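S.K.: What shape does this take:
(2 chains)
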Amino acid sequence: MTALTAGFADPVLDAQATFRAVLEAMSRPGRVQRAGAGLRPPGPLNAAAAAVLLSLADADTPLWLDAGAEAEAWLRFHCGAPVVAAAGAAAFVLATRAAPALASLAQGSEEEPQQGATLVLQVAGLEEGAGWRLTGPGIAHEHRLRVAGAPPGFVAAWAANRAAFPCGVDVVLCAGEHLAALPRTVAIAEG
Amino acid sequence: MSTMEGYNFAYLDEATKRMIRRAILKAVAIPGHQIPFGAREMPLPYGWGTGGIQVTASILGPQDTLKVIDQGSDDTTNAISIRRFFRRVAGVATTEHTAEASIIQTRHRIPERPLREDQIIVYQVPQPEPLFRLEPRRAETKRLHALADYGLMHVRLYEDIARLGHIAKAYDYPVMVNGRYLMSPSPIPAFDNPKMDRMPALQLFGAGREKRIYAIPPYTEVRSLDFEDHPFRPIRAPHACALCRSTDTYLDEVITDDAGGRIFVCSDTDFCAERQAAAAPKEAAE
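M.R.: Numbering: from 1, shown residues only, chains lettered A, B, ... in the order given. Coordinates of the predicted model:
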């Protein structure tokens, strides 16, 4: 095993900038934001996903991941998040390969829908202006988002996730140093 | 700008900020739903905006320009103290102009100037639970929200109509967010309620004593509760501002002497000053 690479160069301000990118992404679903510039996390973890977890995950948030031992050691060290074996028990779920089914993750309850998990989903590419048609809160008319490498059957699974509102899972899509978010309220139409 | 030594950027420690940031993200994902959070003790008492300050501290960055208003005014004690607090602990730029701000923390007003996509408005909330005066048990209101059972509030508004002929709620007028959650807009005047509907800016709400955070994403439907035969009507004093002569802004009544003298002036001091400045050269030319 090689030596650990560094986390945020400035833990306070980099975490703040990353959070604002995620907040902007979550507030305006389908708009692509930048995060994680300069981070060199171990593969297969990409810079945006690493930045999201560095800024939001900690000892209070059980983490499930499929990114292998090296990425796990890196996240354990920098975030201090407890890694759990069952994806359904995690607050943050990091998927770098085949994503676990949305329905298998924590959904929250009718009274406490905020307990629903956040899925950090690594994809091959994100591009505004083409692809899926997104509508819902945060979107004036329609946002378009092309997601390269979305899991097969994702749009159908997402429709079921959205139908369970207020319960459900929120997704942060990460590609390289770019991210976009899908809060559980957003409707996706294949375009 | 230099910040105070011995404090983290924006006062709160990083673990607290992460906890609040996670609550804010879930609040945005579930518009209008109140999310409990571990509100910290702040260097000012509950009721002075501790919830709003903690939300602002968690989102604030060095690039931001902060505006703080109290009842529309930039120059009241509360607004000045909070602005100075963030200048000291975060070194951020502050402004009194709505157009220049990237984050606006507010107590009980929404600025008259329409907000933009690149702005965030943070409301200070004393009582986040809209059903509080109708059902004091938290466990029960939680269940009512889960079931979207808001009959209690409709009955309360109906009783106003039955007794008084109209809905007698001039502030903290309850709204439905995205057609799902009943929400307290914080004690803003009902006059401001229509501004929340499909606002381009993100709206965040923080209640420090009650330890709740909630949010309205941009372009989200916010509907003031009403009845088909008693539609919602924003209330406004039927006067013009004594300073800028505006007839479509929210007015404060100011007593000017002991003999019953009074004037009405804009509650939004920045908006009023801008209108006066714009009118002054015209008048001088006339």
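
S.K.: List the contacts of the residue in the stretch 51-200 of chain B positioned nearest to chain A.
M.R.: Evaluated by C-beta to the nearest C-beta, the stretch 51-200 of chain B has residue B:146 as its residue closest to chain A, separated by 3.8 Å. C-betas here are computed from N, CA, C, even on glycine. Counting by C-beta atoms under 8 Å, 6 or more residues apart in numbering or on different chains, residue B:146 touches A:109-111.

S.K.: how does it look with 6 Å?
M.R.: A:110-111 (C-beta atoms under 6 Å, 6 or more residues apart in numbering or on different chains).

S.K.: What distance do you get for it to residue B:5?
M.R.: 47 Å (C-beta to C-beta, to the nearest Å).

S.K.: do residue A:71 as well
M.R.: 37 Å.

S.K.: Same drill for the two, tell me which one is more crowded.
M.R.: residue A:71 (21 against 5; other C-beta atoms under 10 Å in any protein chain shown).

S.K.: Would you mark the buried spots in the helix or strand that one falls within?
M.R.: Assigning secondary structure by DSSP states H and E places residue A:71 in helix A:68-79. Neighbour-count burial for helix A:68-79 flags A:70-72, A:74-75, A:78-79 (criterion: 16 or more other C-beta atoms under 10 Å in any protein chain shown).

S.K.: now stretch B:244-261
M.R.: Buried, per 16+ other C-beta under 10 Å, within stretch B:244-261: B:244, B:246, B:249-252.

S.K.: Just the CA trace of the longest helix seen in chain A, in CSV.
M.R.: In chain A, with assignment by DSSP state H, the single longest helix is helix A:11-27. Output of helix A:11-27 as CSV, limited to C-alpha atoms (Å, rounded to 0.1, in the frame of the first residue of the first chain):
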residue,chain,number,x,y,z
PRO,A,11,-9.7,22.0,5.3
VAL,A,12,-12.0,24.9,6.3
LEU,A,13,-12.3,26.9,3.1
ASP,A,14,-12.2,24.0,0.7
ALA,A,15,-14.9,22.2,2.6
GLN,A,16,-17.0,25.4,2.5
ALA,A,17,-16.5,25.8,-1.3
THR,A,18,-17.4,22.2,-1.9
PHE,A,19,-20.5,22.5,0.3
ARG,A,20,-21.6,25.5,-1.7
ALA,A,21,-21.1,23.6,-4.9
VAL,A,22,-23.2,20.7,-3.6
LEU,A,23,-25.8,23.2,-2.2
GLU,A,24,-26.0,24.9,-5.6
ALA,A,25,-26.3,21.6,-7.3
MET,A,26,-29.0,20.4,-5.0
SER,A,27,-30.9,23.7,-5.3
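
S.K.: List of residues touching the helix holding residue A:71?
M.R.: A:4, A:7, A:41-42, A:45, A:53-54, A:57-58, A:83.

S.K.: May I ask which two of these are separated the most?
M.R.: A:42 and A:58 (19.6 Å; C-beta to C-beta).

S.K.: how about low-confidence regions in chain B?
M.R.: B:1-2, B:283-286 (pLDDT under 70).

S.K.: I'd like to know which residues of chain A are adjacent to chain B.
M.R.: Residues of chain A lying near chain B by C-beta under 6 Å from any C-beta of the partner chain: A:12, A:16, A:19, A:26-27, A:56, A:58, A:110-111, A:113-114, A:137-138, A:140, A:166, A:170, A:183-184.

S.K.: what's the domain layout of chain B?
M.R.: Domain segmentation of chain B under automatic domain parsing yields B:14-224, B:236-286.

S.K.: and the ones you listed as JSON lines, adding distance to residue A:31?
M.R.: Converted to JSON lines, the domains of chain B look like this (distance: least, C-beta to C-beta, whole Å):
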{"stretch": "domain B:14-224", "distance to residue A:31": "10"}
{"stretch": "domain B:236-286", "distance to residue A:31": "29"}
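
S.K.: out of those domains, deepest packed?
M.R.: domain B:14-224 (a mean of 20; mean count of other C-beta atoms under 10 Å in any protein chain shown).

S.K.: what about that one, how long is it end to end?
M.R.: 37 Å (C-alpha to C-alpha, to the nearest Å).

S.K.: now stretch B:117-125
M.R.: Using C-alpha to C-alpha, first and last residues of stretch B:117-125 are 22 Å apart.

S.K.: now stretch B:103-123
M.R.: Using C-alpha to C-alpha, the end-to-end distance of stretch B:103-123 comes out at 11 Å.

S.K.: Need the residues that contact it.
M.R.: Outside stretch B:103-123, the residues that reach it (C-beta under 6 Å, 6+ apart) are B:49, B:52, B:55-56, B:64, B:66-72, B:98, B:124, B:186-188, B:192, B:195, B:200-205, B:249, B:268, B:271.

S.K.: which SS state does residue A:147 fall under?
M.R.: Secondary structure for residue A:147, judged by DSSP: H, G, I helix; E, B strand; the rest coil, is strand.

S.K.: looking at it, it is touching residue A:121, isn't it?
M.R.: No: using C-beta atoms under 6 Å, residue A:147 is not in contact with residue A:121; the gap is 9.0 Å.

S.K.: And the two? Which one has more around it.
M.R.: residue A:121 (25 against 22).

S.K.: Just put the buried residues of stretch B:244-261 in a markdown table and tack on distance to chain A and secondary structure.
M.R.: Converted to a markdown table, the buried residues of stretch B:244-261 look like this (distance: C-beta to the nearest C-beta, whole Å; DSSP: H, G, I helix; E, B strand; the rest coil):
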| residue | distance to chain A | secondary structure |
| --- | --- | --- |
| B:244 | 31 | coil |
| B:246 | 28 | coil |
| B:249 | 26 | coil |
| B:250 | 26 | coil |
| B:251 | 31 | strand |
| B:252 | 32 | strand |
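
S.K.: how about JSON lines for those residues, with distance to residue B:160 added?
M.R.: Below are the buried residues of stretch B:244-261 laid out as JSON lines (distance: C-beta to C-beta, whole Å):
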{"residue": "B:244", "distance to residue B:160": "33"}
{"residue": "B:246", "distance to residue B:160": "29"}
{"residue": "B:249", "distance to residue B:160": "26"}
{"residue": "B:250", "distance to residue B:160": "21"}
{"residue": "B:251", "distance to residue B:160": "23"}
{"residue": "B:252", "distance to residue B:160": "24"}
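
S.K.: one step back: tell me which of the domains of chain B lies nearest to residue A:34.
M.R.: Per C-beta to C-beta, nearest to residue A:34 of the domains of chain B: domain B:14-224, 14.0 Å.

S.K.: So which residues of the chain form helices?
M.R.: Because you didn't say which chain, this covers chain A. According to DSSP H, the helices that chain A contains are A:11-27, A:47-56, A:68-79, A:154-163.

S.K.: um, chain B though
M.R.: B:14-29, B:50-59, B:77-90, B:138-146, B:151-164, B:193-196, B:269-285.

S.K.: still on that earlier bit, so which of the contacts of helix A:68-79 comes closest to residue A:157?
M.R.: Among the contacts of helix A:68-79, and counting by C-beta to C-beta, the member closest to residue A:157 is residue A:53, at 22.6 Å.

S.K.: Distance of the closest one relative to chain B?
M.R.: 11 Å (C-beta to the nearest C-beta, to the nearest Å).

S.K.: Tell me which residues touch that residue, please.
M.R.: A:75, A:79.

S.K.: again, but for residue A:128
M.R.: residue A:32.

S.K.: Tell me the spacing between it and chain B.
M.R.: 15 Å.

S.K.: From what I see, residue B:191 and residue B:232 are in contact.
M.R.: No: using C-beta under 6 Å, residue B:191 makes no contact with residue B:232, being 11.0 Å away.
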